[in-house]
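Asks: Sequence first, predicted model second:
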Amino acid sequence: MSSINNDNTPVQEPTVPGQPPSYTLNLYCRLEFGRKHLFGHDDPDQAAQYFVVNPVPQKHANTWRPIFYRGDNPKYADVDRISTPIARALRSSMWNSFQIQLGDGVREVLENKAREKKRRAHKRKQKMRRFFCMPEKPPKEPLEDPQEVQGLVAVFKMRRSAFLGRTLIWKLGGHEYRWKGTRRFSTGLPRNLKGLSHDLKLVDEKNNVIATFDKDRWASYKRSEKIGHAPNKKRRFLGKLRRYPAADTPSTAGVLESIRSPLSPYVVDKLSEKLTRDLNLGGSHTGDITEEAIAFTCWIAVEAEHRLRYKILDLIEEIAESFKE
């Protein structure tokens, strides 16, 4: 990477000097190929804070459909272990821009999609039965109509400031944030080497450090930690996300009010219709929407850097093969 990807300008220290981070979460890889990730704690018996399910992470942009959950592994969700989908995302082909749908209404949007899918599948089966002169068969379960979305559904965009650069810019509730590469938290010789930057920091418009992510340099070569019981039988540590308190950080109520305001800068025409057709800025939201956006965008930034390395290698390999032909 060139020097543009490593921010070497002086930045402000965490806004409350000497104060520890307001919370710390560990990022773990749950399954091979990165199909599942979780933000959890050192204690494996403690439930995860957030969970990411991405069934097809390693192929093309049109199959990349991660879903971000508030709670632990949705596969083992029950009355005592609640897991709610609160965000999903789309990306461009070269990982340069991302469109994110966020809010409690995402669960209702996904439920409506499942209802429509069941209805289409039943219709297709009946068509095949008529083709073979068989009588129609009623569905095993009653087919439900799509319901009106009551929860909050907001959409925002995250993009790179330069092609293949590390800085990712996104806005939420009228406030701009940037995920940037940094060597400020490195020690020794690596701190002075340009082009060597593993960690990330999140800064706001005033250059206050809002959060940091410290990567484990050797995560790809380590074995998974075996827990031995559900909901996460094994996990592999990838890094540590720290959120720092700031005196001028907007409150959750203030962010939600700004999102619901008619003056919010939502340029719907430039966003995917797949995400904007269920837009509901007046819906309810129960969690800390800024914290959830930070965690999800952090995962996207880490995942994008990891996948982009292989993307570049794949492109070089395809170019070499085309020259041979």
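Replies: That came through, no problem.
Asks: sec struct for S220, please.
Replies: Under DSSP: H, G, I helix; E, B strand; the rest coil, the three-state class of S220 is helix.
Asks: That one and H306, how far apart?
Replies: As judged by CB to CB, to the nearest Å, S220 and H306 stand 8 Å apart. Bear in mind the C-beta positions are built from the backbone N, C-alpha and C, glycine included.
Asks: Can you point out the buried residues in the lengthiest helix in the chain?
Replies: Longest helix of the chain, by residue count under DSSP state H: helix 289-324. Within helix 289-324, the residues scored as buried using 16 or more other CB atoms under 10 Å are 289-307, 311.
Asks: Let me see the contact set for G34.
Replies: N54, P57, Q58, E303, H306 (CB atoms under 8 Å, 6 or more residues apart in numbering).
Asks: Ignoring the adjacent residues along the chain, who's closest to the last one?
Replies: Taking CB to CB, 6 or more residues apart in numbering, and ignoring the residues beside it in sequence, H306 has G34 as its nearest neighbour in space, at 7.3 Å.
Asks: What is the neighbour count of T24?
Replies: T24 has 14 neighbours, counted by other CB atoms under 10 Å.
Asks: give me the number of residues near the nearest residue to it once chain neighbours are set aside?
Replies: Counting by CB to CB, 6+ apart, T24 lies nearest to R242, which is 5.1 Å off, once chain neighbours are set aside. Per other CB under 10 Å, the neighbour tally for R242 reads 20.
Asks: how about R242, what does it touch?
Replies: P21, Y23, T24, A211, T212, F213, D214.
Asks: Please report how far the closest residue to the second one other than its chain neighbours lies from D204.
Replies: Spelled out, it's Y23. Nearest residue to Y23 in three dimensions, chain neighbours excluded: R243, at 5.2 Å (CB to CB, 6+ apart). Distance, R243 to D204, by CB to CB: 12 Å.
Asks: Quickly list what's touching both of the two.
Replies: I210.
Asks: who's more crowded, those two?
Replies: Each of R243 and D204 has its neighbours counted (other CB under 10 Å); R243 has more, 21 against 18.
Asks: who's in contact with that one?
Replies: P21, S22, Y23, T24, I210, A211, E291, I294.
Asks: Give me the pLDDT for it.
Replies: We have a pLDDT of 93 for R243.
Asks: Give me the phi and psi angles of it.
Replies: Per-residue torsions, R243: phi -110, psi 130 (degrees, to the nearest 10).
Asks: and what of F156?
Replies: Dihedral angles (degrees, to the nearest 10) for F156: phi -140, psi 160.
Asks: Burial check on it, number of neighbours?
Replies: 21.
Asks: Is it bridged to anything, and to what?
Replies: Listed by DSSP bridges, the beta-bridge partners for F156 are I100.
Asks: Isn't K171 up against R178?
Replies: No - using CB atoms under 8 Å, K171 makes no contact with R178, being 10.2 Å away.
Asks: all strands of the stretch 51-200 of the chain, in order?
Replies: Per DSSP state E, counting those that start in this stretch, the stretch 51-200 of the chain carries strands over the ranges 67-71, 83-91, 97-102, 154-160, 168-172, 175-182, 199-203.
Asks: For the last one, name the packing helices and strands.
Replies: Packing partners of strand 199-203 (3 or more CB pairs under 8 Å, 6 or more residues apart in numbering; DSSP states H and E): strand 175-182, strand 209-215, helix 289-324.
Asks: And the third one, by the same measure?
Replies: Based on contacts counted as 3+ CB pairs under 8 Å, 6+ apart, the elements that strand 97-102 packs against are strand 83-91, strand 154-160, strand 168-172, helix 289-324.
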